[in-house]
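>>> sequence unknown, structure follows:
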């Protein structure tokens, strides 16, 4: 009989748990995904800006860090790397990669806002 009493107390503990608020949980998940999207856009823009700084500052292109940043920046520039073609190399990198950095910031911000709205986060 004591065994029966223990099992009924376990059943009442389970039934006393608060129901899961799925809307709030979905909002938290959407907010987390939106934050990740925003950070990725920020990191991409940072690579592009660092490449611009290295180019305008005449950094050694044979340096490992400079070549690593340039390789990432070339991929992240998408079609912006040859959008404008002024004769000065530094001006070309500044304008084109600067526009690409702004693109990543704007697109990641818009995408994060859409994810938050669709996911129910405020």
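Right, received. Where do you want to start? Small disclaimer: the values here were computed from a predicted structure and weren't measured. Numbering: from 1, shown residues only.

>>> tell me the mean pLDDT over the helix or strand residue 25 falls within?
Residue 25 is located in helix 22-56, with elements delineated by DSSP states H and E. Average pLDDT, helix 22-56: 91.

>>> just checking, what packs against it?
Counting contacts by 3 or more Cβ pairs under 8 Å, 6 or more residues apart in numbering; DSSP states H and E, helix 22-56 packs against helix 64-76, helix 89-119. In this view, the C-beta of every residue, glycine as well, is placed from N, C-alpha and C.

>>> in the longest one, what counts as buried?
I take that to be helix 89-119. 92-97, 100-101, 103-105, 108, 111-112, 115-116, 119 (16 or more other Cβ atoms under 10 Å).

>>> by how many degrees do that helix and helix 22-56 diverge?
180 degrees (axes from the mean of the first three to the mean of the last three Cα atoms, to 10 degrees).

>>> show me what helix 89-119 is packed against.
helix 22-56, helix 64-76.

>>> can you give me the angle that helix makes with helix 64-76?
Going by the same axes, to 10 degrees, helix 89-119 makes 60 degrees with helix 64-76.

>>> ok, back up a step: relative to residue 32, which of the helices and strands packed on helix 22-56 is closest?
helix 89-119 (9.3 Å; Cβ to Cβ).

>>> and the closest one, how far out from the chain middle?
Put simply, helix 89-119 sits 11 Å off its chain's centre (Cα atoms, centre = their mean, to the nearest Å).
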